[in-house]
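**Q** predicted model follows, preceded by the sequence.
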Amino acid sequence: MRGGTRAQALSWGALALLLALALGGCGHSSRRPASTAAKTPPGPPQPSRPAFGITEDNADLLWNPAATAPPQAAAFLPARRELTALHPRYIRLLIDWAALQPSAQNPPDLRAPVSGCARQVGPCGNYEGVAGELAAIASQQRAARAEGRQGFDVVIDILGAPAWAALPPHGCELAATPASARPIGGAALAGYRALIAGLLALAAREGVQLPWWSPWNEPNDPRFLAPQRAACGPDAEPLAPAVYSQLAEAMAAAGTARDRAGSGQSAREGPRRPRRVRLGGADLGDGVGRRSAFTGPRARGRRRRRTGRLRSAGRADRKMEQ
């Protein structure tokens, strides 16, 4: 009896041990074994692609090839196809205030006819000034939206003070500085705001969006804004930042605050960079910004090849006109 009881006790003990092991393997334990696999560190952030933009003011080149363009743009159809195929994200539109409003008694003439000759070199195709440019750009914006992409975002870039609006010579200014490069007087700020209001109204009529604005072209270059300093010396007080800040304030007050006002464009070469300035609560940095569109080395190569074809198309158009 004692041997049978002892064997039976051992059997029950072994059964209990097996049951405990089985229950432990069914997940009733809250502890999990630590993972021995090494965690993969996150990779570096993907760099954003460079944006590409162009500066072109010939409306005959800006019409979308599929759009109904004015008759004079027909000769530029091959070049229009090439330019459109670039798919520029931005287009910088230069607004020469001095040319548009030589007299304070008349408003800016945004439909003043333009010959279309770049530096008096053909082929030429006349168009209705800024109004013609905006109408052509509107055709490109509509085509881009239809294709579900972005493109031809306008960067309005103002330059050239009319003689009636410019301040007299002062500060460290070269003898040959034209009036169009001087800052505008305080009383002329109303005319500056009226120019911007006219551009906004014209854009609304033409159905074109104007999301980007630059208060003044290359404000760190004395060819566009002079004088840069109060006296001719490296430690003299810089004047350009305050002038630029005043223009940016006037531009925002004219109705561009809902857009991206203050996206200044600085020259690559110029005087020593001015001090930081502030526009309201926003820091404008050194008073000038950066260009809105850039290209990388590969993109530049592609643009260069296509630009060469654009020049070839222009020469062919010129021969056709002759």
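**A** Received it, and whenever you're ready, just let me know what you need.

**Q** now residue 210: how far from residue 133?
**A** 12 Å (Cβ to Cβ, to the nearest Å). Backbone N, C-alpha and C define where each C-beta goes, glycine included.

**Q** comparing these two, which residue is more hemmed in?
**A** More crowded of residue 210 and residue 133, by other Cβ atoms under 10 Å: residue 133, with 27 against 21.

**Q** what helix or strand is the more buried one on?
**A** Using DSSP states H and E, residue 133 maps to helix 129-146.

**Q** may I have that helix as PDB, with CA atoms only?
**A** Output of helix 129-146 as PDB, limited to C-alpha atoms (Å, rounded to 0.1, in the frame of the first residue of the first chain):
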ATOM      1  CA  GLY A 129       0.800  96.100 -71.000                       C
ATOM      2  CA  VAL A 130       0.100  94.600 -67.500                       C
ATOM      3  CA  ALA A 131      -3.500  93.800 -68.500                       C
ATOM      4  CA  GLY A 132      -2.200  91.600 -71.400                       C
ATOM      5  CA  GLU A 133       0.300  89.900 -69.100                       C
ATOM      6  CA  LEU A 134      -2.300  89.000 -66.500                       C
ATOM      7  CA  ALA A 135      -4.700  87.800 -69.100                       C
ATOM      8  CA  ALA A 136      -2.100  85.400 -70.500                       C
ATOM      9  CA  ILE A 137      -1.000  84.200 -67.000                       C
ATOM     10  CA  ALA A 138      -4.700  83.600 -66.200                       C
ATOM     11  CA  SER A 139      -4.800  81.100 -69.100                       C
ATOM     12  CA  GLN A 140      -1.900  79.200 -67.600                       C
ATOM     13  CA  GLN A 141      -3.400  79.200 -64.100                       C
ATOM     14  CA  ARG A 142      -6.700  77.800 -65.500                       C
ATOM     15  CA  ALA A 143      -4.800  75.100 -67.400                       C
ATOM     16  CA  ALA A 144      -2.800  74.100 -64.300                       C
ATOM     17  CA  ARG A 145      -5.900  73.800 -62.100                       C
ATOM     18  CA  ALA A 146      -7.600  71.700 -64.800                       C
END
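
**Q** give me the buried positions along it.
**A** Neighbour-count burial for helix 129-146 flags 129-144 (criterion: 16 or more other Cβ atoms under 10 Å).

**Q** between those, which is nearest residue 194?
**A** residue 130 (14.3 Å; Cβ to Cβ).

**Q** now do the contacts for the closest residue to the closest one other than its chain neighbours.
**A** Residue nearest to residue 130 in three dimensions, not counting chain neighbours: residue 110, with 4.4 Å by Cβ to Cβ, 6 or more residues apart in numbering. By Cβ atoms under 8 Å, 6 or more residues apart in numbering, the residues touching residue 110 are 100, 129-131, 198-199, 202.

**Q** mind listing what's buried along the helix or strand that the helix holding residue 133 is followed by?
**A** Per DSSP H and E, helix 129-146 leads on to strand 153-159 as the next helix or strand towards the C-terminus. Of the residues in strand 153-159, 153-159 count as buried by neighbour count, 16+ other Cβ under 10 Å.

**Q** quick one, strand 153-159 and helix 129-146 angle?
**A** Taking axes from the mean of the first three to the mean of the last three Cα atoms, to 10 degrees, one finds that strand 153-159 is oriented at 160 degrees with respect to helix 129-146.

**Q** same for strand 153-159, what does it pack against?
**A** If contacts are counted by 3 or more Cβ pairs under 8 Å, 6 or more residues apart in numbering; DSSP states H and E, strand 153-159 sits against strand 90-96, helix 189-206, strand 212-214.

**Q** just send these back as CSV, with mean neighbour count, distance to residue 62 and mean pLDDT too.
**A** Formatted as CSV, these follow (neighbours: other Cβ atoms under 10 Å; distance: least, Cβ to Cβ, whole Å; pLDDT from 0 to 100):
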stretch, mean neighbour count, distance to residue 62, mean pLDDT
strand 90-96, 21, 8, 96
helix 189-206, 17, 12, 96
strand 212-214, 27, 16, 94
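
**Q** any chance of the ones you listed in TSV, plus distance to residue 241?
**A** Rendered in TSV, the data for these read as follows (distance: least, Cβ to Cβ, whole Å):
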stretch	distance to residue 241
strand 90-96	22
helix 189-206	17
strand 212-214	15
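
**Q** pLDDT weak spots in the stretch 151-300 of the chain?
**A** Applying pLDDT under 70 to the stretch 151-300 of the chain flags residues 257-300.

**Q** the strands in this structure, which residues?
**A** With DSSP state E as the criterion, the chain has strands at 53-55, 90-96, 153-159, 212-214, 278-279, 282-283.
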